[in-house]
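Undergrad: pasting the sequence and the predicted coordinates here, then a few questions.
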Amino acid sequence: MKRRSLLSLFAPVTALFVASAFTACDKAPEKTTAPQPEPAKPATEKAAEAPKPAPAQTTPTIPAPAQPSTEAAKPATQTADIAKIASTYGFVARIPKDAESFSAIYHLHDIWLSLSKSKWATTLLDLEPVKQDPQIQNFLKQWSSPEAQKAKDLLEAIFGNEFLAVQPAGFSEKVLPLQDAISKFSEAYVQQAFLAGLSGKQMGPKEIQSLLQNAAPELVPALAKCDVPPLLFVSKAGKAKADIDGAFKQLTEMVGTKLPPAFELGSFKVADKYEFKTLSVVAKKLVAQFQEVQFELQLKELIGDEAKAKELVAQISAKHAELAWGWVDDYFVVSLGKDHSHVKFALLEADSALAIPDVAKRAVQFAEKKPMGLAYVSKALFEKFSPQVEFAAKFNGISNELRGILKPEHITAMQADVKKLEGKAQSLFKRQFDPMVSVSYVESGIHADSFGGLRNSSYDSSKPLGFASLVSSSSFLFFDSRANGPHSKAVVDFVEEGAITLWGWYEKYGRTMIPEEERKNAVAAEGMAKPMVEQLWKSTRLLSSALGDESAFILDLNGNVPKLPDIPPFLAEGKIPRIAYVAELKDRAALAESWKGFASLIKQISAFVPPTALPQGVPEPVMKKDGDVELHFIPLPMPTDDVLPHIAISKDRWVISTSPSFSKELTSKAAATTGPAMGSNDQVNFSAVWDLAEVWLGVLDKNAEQMLGPGEAKGFKENRSLISTALKLARCFKGMESQISEESGQARMSVHLKVEDLK
């Protein structure tokens, strides 16, 4: 899981990070028309200009990983199609085809301009509080200053047109040791922080120093295995060439003056055409500068092993890191790595990352959308960062510490049980991947579509979601999904087997460790608690078997305000939230049996409650019928109209809700049978919030003095038009929708952030 989380930073997140950080570039374009893609060059011309393989370096070239056969077997997009879209995706057509992942973002400056010149932005800046706020006005003044404009021009050049982050072949090979070192440090830090917390301390400098000393025997060797992973950053920054060259010239001038001797300058050419300069740091010179003998003694003191310390000094001294930079036509390329062997580019578009079958398919499909982002993660990279479930070896290490407390045969039996559970977990939670391609574009907001990646095992995407018919204009939150029934059952079976195994250990080995004088009390407690836990689990599983695979959570904003004592009657004109959880009902008999179990359990627990806490006893549930719908609830001390927590049961639905009228609505709507097949559909409808605000503003308009008091009511009326304008601006944010489905056997996730300009 740790490797999976780090992997998520490689491609899509790089693009999103740069996009979210892009806060400049409101300079007017030179032309009023939108910039057009550059025409694709003929293949012969491209071949003549394209870089040739880099000359042999002093460091070995990292071999490219072999492409999985599943990718190679897919039908390739026609070379002619790739040539047509090459100008749309820019430098992606020059990235080598063996790249492990990449992310590219495009025309952010155009998007920023459209936002800054929108009716929404104009209206916002024209609001009286904005115009009268000195801090905002001072910021806007500084934003328009010549100094700020220069900074914005530079940001526009670097990020505003086209920006790429590329993880070349060999990236994962170098990242895995680094991740292992980070994991070791994180585990040691958590343990140290926990111990410090128990003693009421915080992680200060002394605790950090103690942590590093204690973790050194594992952490230092792990760090010694690390190298700088190969990375490329590419920007279409030709407009800022003079400024960029000037900045890197200042960097090179520091060598030999401000930087230590371990830093060295160099240069190389790609394809005998593109000049690159390098700034390297040689670890051997750094070690020598810090006195190798003293460095070795410090390592020996940390690790406690002289031979290991000598080995680590040699290992660290062999390290080499390099920063390289240069121009490839209008693109500025920055490289990081242990060397520059990965600084190479495709000769032809057909040999580039754009021609990777999965990339080409989606690039062609979305080319007309003028994408703002394109990202790719290879199947091999996913698999390297997603190891299979393993816990038996760690348990063996822990259980071996119990020797002397438990008999050897008992420990062996426990280890065999865990090994058996591990095998089932590996089969159940086996992760399968496809290459992942993500595309984002602007259209009534921002769309982001991701194809491939981790295959869905938790969802059933074979048909449309039936509860799609339950969503309405007043639904603020709507989370609908259909579980993969067999997989869900297998997971529950696995949890049950694990619990049975743990209880078996207690009965066989743990109970004998309880002192004799306490054993009778423990047995008595077991006699009461175990049947109750078993009853709870049995009833829960019965309920699960009674319900279908599709379920939905709905937060609706169209509820009626209850008429309660001491509450002004005019509040009934407002609206309040209603909540419901809806599930398919497929086995009424199993549902009834599960409820009997829960009812019995409630009575057993209530027997332990002192009579003074419940003088009237445990309230008996009430059942009412409303047509074909049964409502099961416990009466509240006072009438609350339509606010009543309950369970509703219809012919084919089971509902937990706060509103009987809402349950009636949800059980009366027929299931959807049309629409796209999907396994999950999550919606956030901001318009429902704005509608609710309008309702309560209407109530305030009529009853401001009663609700706010004379003084506040006067201020409300004076600012009423401003509030209406603010609400009008807020209505431009419509909501967000996320869908999980499958396409050609691969997972697909589509996200749409719905945003519109003022009409």
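TA: Ah, there it is. Numbering: from 1, shown residues only.

Undergrad: where does the chain have low pLDDT?
TA: 1-77, 195, 197-200, 289-294, 296, 613-617 (pLDDT under 70).

Undergrad: show me the longest strand that occurs in it.
TA: For the chain, the longest strand by residue count, based on DSSP state E, is strand 547-560.

Undergrad: after it, which helix or strand is next?
TA: Once the chain leaves strand 547-560, the next helix or strand it forms, by DSSP states H and E, is strand 575-585.

Undergrad: just the CA coordinates for that following strand, please, in CSV.
TA: Coordinates of each C-alpha in strand 575-585 appear next as CSV, following Å, rounded to 0.1, in the frame of the first residue of the first chain:
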residue,chain,number,x,y,z
LYS,A,575,-36.6,23.4,4.4
ILE,A,576,-34.2,21.0,6.2
PRO,A,577,-32.1,18.1,5.2
ARG,A,578,-33.4,14.5,4.9
ILE,A,579,-31.1,11.5,5.0
ALA,A,580,-31.6,8.0,3.7
TYR,A,581,-29.7,4.8,3.0
VAL,A,582,-31.4,2.6,0.4
ALA,A,583,-30.6,-1.0,-0.4
GLU,A,584,-32.1,-3.6,-2.6
LEU,A,585,-34.3,-6.2,-0.8
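
Undergrad: for the helix or strand following that strand, buried residues please.
TA: Downstream of strand 575-585, the next assigned helix or strand under DSSP H and E is helix 588-606. The neighbour-count check on helix 588-606 (16 or more other C-beta atoms under 10 Å) flags 590-591, 593-595, 597, 601 as buried. Yep, even glycine has a C-beta here, placed from its N, CA and C like the rest.

Undergrad: in a markdown table: those, plus distance to residue 262.
TA: Listed next are those as a markdown table, based on distance: C-beta to C-beta, whole Å:
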| residue | distance to residue 262 |
| --- | --- |
| 590 | 72 |
| 591 | 73 |
| 593 | 75 |
| 594 | 70 |
| 595 | 74 |
| 597 | 72 |
| 601 | 70 |
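
Undergrad: list the buried residues of the longest strand of the chain.
TA: Across strand 547-560, burial judged by 16+ other C-beta under 10 Å covers 547-552, 554-560.

Undergrad: again, but for stretch 121-138
TA: By neighbour count on 16+ other C-beta under 10 Å, the buried set for stretch 121-138 is 121, 123.

Undergrad: for whichever strand or helix holds residue 220, give me every contacting residue.
TA: For residue 220, the element it lies in under DSSP H and E is helix 205-224. Residues from elsewhere that reach helix 205-224 (C-beta atoms under 8 Å, 6 or more residues apart in numbering): 177, 180-181, 184-185, 188-189, 192-193, 196, 201, 203, 299, 302-305, 308, 312, 315-316.

Undergrad: return the subset of these lying in strands.
TA: With strands taken from DSSP E, there is no overlap with the contacts of helix 205-224.

Undergrad: using the three-state scheme, assign the residue of the chain most remote from its centre.
TA: Distance from the C-alpha centroid of the chain, by C-alpha atoms, centre = their mean, peaks at residue 517 (52.3 Å). Look at residue 517: counting by DSSP: H, G, I helix; E, B strand; the rest coil, its state is helix.

Undergrad: so for whatever helix or strand residue 281 lives in, what gets flagged as buried?
TA: Using DSSP H and E, residue 281 sits in strand 274-282. Using 16+ other C-beta under 10 Å as the test for burial, strand 274-282 gives 274, 276-282.

Undergrad: possible to save these as a markdown table with distance to residue 651?
TA: Putting those into a markdown table (distance: C-beta to C-beta, whole Å) gives the following:
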| residue | distance to residue 651 |
| --- | --- |
| 274 | 71 |
| 276 | 72 |
| 277 | 75 |
| 278 | 74 |
| 279 | 73 |
| 280 | 74 |
| 281 | 73 |
| 282 | 77 |
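
Undergrad: now, among the residues you listed, which is nearest to residue 758?
TA: Among the buried residues of strand 274-282, residue 274 lies closest to residue 758 (C-beta to C-beta), at 47.2 Å.

Undergrad: for that closest one, list each beta-bridge partner.
TA: Beta bridges link residue 274 to residue 270 when assigned by DSSP bridges.

Undergrad: ok, it to residue 238 distance?
TA: Shown here: residue 274 relative to residue 238, a distance of 14 Å by C-beta to C-beta, to the nearest Å.

Undergrad: pull the most distant pair out of the buried residues of strand 547-560.
TA: Maximum pairwise distance among the buried residues of strand 547-560 (C-beta to C-beta): 32.6 Å, between 549 and 560.

Undergrad: residues contacting the residue nearest to residue 388 when sequence neighbours are not counted?
TA: Leaving aside its chain neighbours, residue 388 sits nearest to residue 426 (5.2 Å; criterion: C-beta to C-beta, 6 or more residues apart in numbering). By C-beta under 8 Å, 6+ apart, the contact list for residue 426 reads 388-390.
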